[in-house]
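S.K.: Structure, please.
(chains A, B, C and D)
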Protein chains: 2
Amino acid sequence: MTAAPDARPITVALVDDYDVVLKGLAHLFDEYRDRVLVAEIDTNRAVSDAVDVVLYDSFAQPESDHHEIDELIANPRARRVVMYTWNFHPELVESARQKGVHGYLSKTLTAPQLVAAIEAVHAGELVFSDQSRRAPSAPGLDWPGRLHGITDRESEILALITQGKSNADVAALTYLSPNTVKSYIRSVYRKIGAASRTQAVLYGVQHGFTPDTHRIDHWMGGP
Amino acid sequence: MTAAPDARPITVALVDDYDVVLKGLAHLFDEYRDRVLVAEIDTNRAVSDAVDVVLYDSFAQPESDHHEIDELIANPRARRVVMYTWNFHPELVESARQKGVHGYLSKTLTAPQLVAAIEAVHAGELVFSDQSRRAPSAPGLDWPGRLHGITDRESEILALITQGKSNADVAALTYLSPNTVKSYIRSVYRKIGAASRTQAVLYGVQHGFTPDTHRIDHWMGGP
DNA sequence: GAGTTTTACACCCCCAGGGGTGTGCCGCCA
DNA sequence: TGGCGGCACACCCCTGGGGGTGTAAAACTC
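M.R.: Presented below is the predicted three-dimensional model:
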């Protein structure tokens, strides 16, 4: 299990709405290009290449039922679909399982662990990370505002607010309590110097917290 | 007084933060290029050409004391400074007078009236429009959202909100009652389909309600 | 003339949001 | 070990903002 079942690296497409998130994730595979190759990066675009595995990052997804998973499962170019997320709420895990995902992986996995999990999925296994409580994201991952000292969780909250979501919406989407959302809002406001939601949203618009819409083919000379 | 005192057209610079506002204003002079020539259009930029008259449009200015007037008066390249506005609140008129403006003109003036007023200012007169109550803007003027059915007043309110101002701030800046501001907010939300302030701000960001920052020289072949 | 729209404003009601306080757990570091 | 930061959450208090109702005057349209 330490090498791919065949000699060709596994091709993956990375899917999410935030450029910086996907680029950080893509870089996780830099040292594993003999085993896993990033063929495509899609922000808000359908997967266009035929790939072995689609890795779908759930950062700041605006729909809680993840209808985008349905689309990825139905896409003939996506051989295997894997969810990549912090969120292990039982409803979500079960829903994804029933939609037919081949893997449900934690963003806390280190790069080698992630590569191994992708290989297992590619080999036909169903791989569900065990995750009982929130832990730090794997080193190397990225998210909007990270360089400004904004944590990954705060970043997701601010991204959802910048999409126009109310606190109640954000709570429902993240499976957090409304009180928790308020706490995150307070802490991120302090970090960006916002005195109101509008100011926070304007900051978000100007600093990469709005969804992107483009595709990157041939990431670092990939196929 | 129907022709300029000398044979050279009066050169004017137009100053405001909103591109579409200034372009609409510039077009007012299209048929009067023998008398008034637009030499420069500045959004958030200092006047760089030597001009006869600077026409300073007050649309959605974020500071009520108009410190920008001080800068224009002090600018040696601006021979005469004229305020162009809907707002005839006595405090504002008096403040501008004391700062040394050479004219305080209403946006309700028709193009010929405006040209005549500019000529009078150029000739050395102090020209203050008489304006007791709000009337419709002159035909030909423009503002963000006009094509979407948003009135000039609604447009200014939404522009200020999109700058991150609270209702109280907006009321102070526009010399309106907070109740009036709320009424405008309600009506503009209906027109743009916004259910919250954040949604309205996101609309504003995407539809030209944020301040611009550039200069246009040689408007339509001008000097 | 009647109806509509726009400007300007009042008042009632209420909740979404944000200020504050605090708890508990975990991981990390000096 | 103590302190700090992050995640997750509770509760209190209050106001900014937005839903609603209405008035008045002027301009515009059919």
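S.K.: Tell me how far A:Ala46 lies from DNA strand C.
M.R.: Distance of A:Ala46 to DNA strand C, computed by Cβ to the nearest atom of the strand, to the nearest Å: 32 Å. Backbone N, C-alpha and C define where each C-beta goes, glycine included.
S.K.: can I assume that residue is in contact with A:Asn75?
M.R.: Yes - in this structure A:Ala46 lies within contact range of A:Asn75 using Cβ atoms under 8 Å: 6.7 Å.
S.K.: So which of those two has more stuff around it?
M.R.: Neighbour comparison, A:Ala46 and A:Asn75: the larger count goes to A:Asn75, with 17 against 14 (by other Cβ atoms under 10 Å in any protein chain shown).
S.K.: And the closest residue in space to A:Gly145 that isn't next to it in sequence, its phi and psi?
M.R.: Sequence neighbours aside, A:Ser155 is the residue nearest to A:Gly145 in space, at 5.0 Å (criterion: Cβ to Cβ, 6 or more residues apart in numbering or on different chains). The phi/psi pair for A:Ser155 (degrees, to the nearest 10) reads phi -60, psi -40.
S.K.: ok, A:Ser155 - contacts?
M.R.: A:Ala60, A:Trp143, A:Pro144, A:Gly145, A:Arg146, A:Phe209 (Cβ atoms under 8 Å, 6 or more residues apart in numbering or on different chains).
S.K.: Need the CA coordinates for stretch A:23-42. CSV is fine.
M.R.: This file holds the C-alpha atoms of stretch A:23-42, laid out as CSV (Å, rounded to 0.1, in the frame of the first residue of the first chain):
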residue,chain,number,x,y,z
LYS,A,23,-3.8,26.4,-4.3
GLY,A,24,-2.8,25.5,-0.7
LEU,A,25,-4.2,22.1,-1.1
ALA,A,26,-2.6,21.6,-4.5
HIS,A,27,0.8,22.3,-2.9
LEU,A,28,0.3,19.5,-0.4
PHE,A,29,0.9,17.1,-3.3
ASP,A,30,4.1,18.8,-4.5
GLU,A,31,6.4,16.1,-3.0
TYR,A,32,4.2,13.3,-4.1
ARG,A,33,3.9,13.8,-7.8
ASP,A,34,5.1,10.3,-8.4
ARG,A,35,1.9,9.1,-6.7
VAL,A,36,-0.7,11.8,-7.0
LEU,A,37,-0.9,14.4,-9.8
VAL,A,38,-3.1,17.5,-9.7
ALA,A,39,-4.7,17.5,-13.2
GLU,A,40,-7.2,20.3,-12.6
ILE,A,41,-8.3,23.0,-10.2
ASP,A,42,-11.9,24.2,-10.4
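S.K.: residues of it that come out buried?
M.R.: Neighbour counts using 16 or more other Cβ atoms under 10 Å in any protein chain shown place A:24-29, A:32, A:35-42 of stretch A:23-42 among the buried residues.
S.K.: Show only the entries of these found in strands.
M.R.: A:Val36, A:Leu37, A:Val38, A:Ala39, A:Glu40, A:Ile41, A:Asp42 (DSSP state E).
S.K.: my guess is the second one contacts A:Thr11, does it?
M.R.: Yes - taking Cβ under 8 Å as the definition, A:Leu37 is a contact partner of A:Thr11 at 5.3 Å.
S.K.: near DNA strand C at all, the top helix by length along chain A?
M.R.: When chain A is scanned for its longest helix (criterion: DSSP state H), the result is helix A:178-192. Yes - applying Cβ under 7 Å from any atom of the strand, one finds helix A:178-192 in contact with DNA strand C at A:Lys182, A:Ser183, A:Ile185, A:Arg186, A:Tyr189.
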